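Undergrad: quick check, what structure comes out for this input:
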Amino acid sequence: MSTSPKKTPKTAAADRKAARRAATERMREERERAERSARIRRRTVVGAASAAVLALVAGVAFAVGGSGSGDAAASGPLVVPANASGPDGTVITYGKADAAHTLEVYEDFRCPYCEQLETTTGATVQQLADAGTYKVEYHLATFLDQGLGGKGSRTALAAAGAALNEGVDKFKQFHDVLYANQPDERDDAFADVNHLLDLADEVPGLKTDGFVKAVREGTYVPWADQVNKAFDKSGVTGTPTVRLDGRKLDVFAGGAPVSPEKFTAMVKQVTG
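TA: Predicted coordinates for the structure are as follows:
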């Protein structure tokens, strides 16, 4: 009877390392597929696309509706916020315009993985931008609304457009407040403009009459739709996606966001 050759410790360790790499890659691919098809769940994973089925399977109810800006706003004129960038005004650029490097960040305000990354590493992302290491280009999406039901991503993005109209710094602060207060993705709390206006209280000087009016009337809903269309054309298949000078950074490792130290090391590796 023949037997398999006994593996040396060195060979066994190499096999384990290869297996871990393969497992990590499978997890990353699965996360992107799940994110794009909007089947991600923070606590309960369900395989349905409608709010009604999700409510039955997960035992929860969507908070769809409320005092959100309605679809009527979507048929209004396209108003691009002051301080928007890019050839079609669908990009939000934070940092020094003459920075030698560009960090592209693709996000959806309802995405729990985006919240994990922002609340773990977001401060470091900003610090490096403030230091001039790179400028940040935000590319935002609303695709989770289609998968989960509701309009929280879209309404939050429109409100972020109103903040951008007040200033890039106001946008950035409001962006951070939204992630710090992100509801479970099954809860469409961001569809309620009154809730968004309450969160805006956390950004000093943001709630001007113009900002409040724009949020209540959905002035930037058509712009939010344009921003999402630009995202769809980007080829990005999941959020968050982060690219530095066109090179994708693996900002999740083992299902968790990388540490600020690891992120800084990855940036240095690209920028030299």
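Undergrad: ok, then the element right after the helix or strand harbouring W223?
TA: Using DSSP states H and E, W223 sits in helix 221-233. Sequence-wise, the next helix or strand downstream of helix 221-233 (DSSP H and E) is strand 241-244.
Undergrad: each with direction, which strands does that following strand pair with?
TA: strand 102-108 (antiparallel), strand 247-249 (antiparallel) (DSSP bridges).
Undergrad: now the closest residue to A99 other than its chain neighbours: how far from Q126?
TA: Counting by Cβ to Cβ, 6 or more residues apart in numbering, K135 is the residue found nearest to A99 once chain neighbours are left out, at 4.1 Å. All C-beta atoms are positioned from the backbone trio N, CA, C, and that covers glycine. Taking Cβ to Cβ, to the nearest Å as the measure, K135 falls 11 Å from Q126.
Undergrad: could you do V236 as well?
TA: Relative to Q126, and taking Cβ to Cβ, V236 is found at 21 Å.
Undergrad: show me where the stretch 151-272 of the chain has its helices.
TA: 152-166, 168-180, 193-200, 209-217, 221-233, 260-271 (DSSP state H, counting those that start in this stretch).
Undergrad: hey, C-alpha coordinates of stretch 244-254 in PDB?
TA: Coordinates of each C-alpha in stretch 244-254 appear next as PDB, following Å, rounded to 0.1, in the frame of the first residue of the first chain:
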ATOM      1  CA  LEU A 244      -4.800  55.500  -5.400                       C
ATOM      2  CA  ASP A 245      -3.500  56.800  -8.800                       C
ATOM      3  CA  GLY A 246      -5.700  54.200 -10.400                       C
ATOM      4  CA  ARG A 247      -4.300  51.400  -8.300                       C
ATOM      5  CA  LYS A 248      -6.900  49.600  -6.200                       C
ATOM      6  CA  LEU A 249      -6.100  49.400  -2.500                       C
ATOM      7  CA  ASP A 250      -7.300  46.300  -0.600                       C
ATOM      8  CA  VAL A 251      -8.900  48.200   2.200                       C
ATOM      9  CA  PHE A 252     -10.500  45.100   3.700                       C
ATOM     10  CA  ALA A 253      -8.600  42.200   5.000                       C
ATOM     11  CA  GLY A 254     -10.100  39.100   6.500                       C
END
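Undergrad: okay, and for the stretch 1-150 of the chain, where does confidence drop off?
TA: 1-72 (pLDDT under 70).
Undergrad: if we use 50, what do you get?
TA: Residue ranges of the stretch 1-150 of the chain with pLDDT under 50: 1-4, 34, 36-69.
Undergrad: that one: strands as residue ranges?
TA: 92-94, 102-108, 135-141 (DSSP state E, counting those that start in this stretch).
Undergrad: A253: which of these is closest?
TA: Shortest distance between A253 and these, using Cβ to Cβ, is found for strand 102-108: 17.5 Å.
Undergrad: tilt between that closest one and helix 152-166?
TA: Per axes from the mean of the first three to the mean of the last three Cα atoms, to 10 degrees, the angle that strand 102-108 makes with helix 152-166 is 140 degrees.
Undergrad: how close does R216 sit to Q116?
TA: R216 sits 31 Å away from Q116 when distances are taken as Cβ to Cβ.
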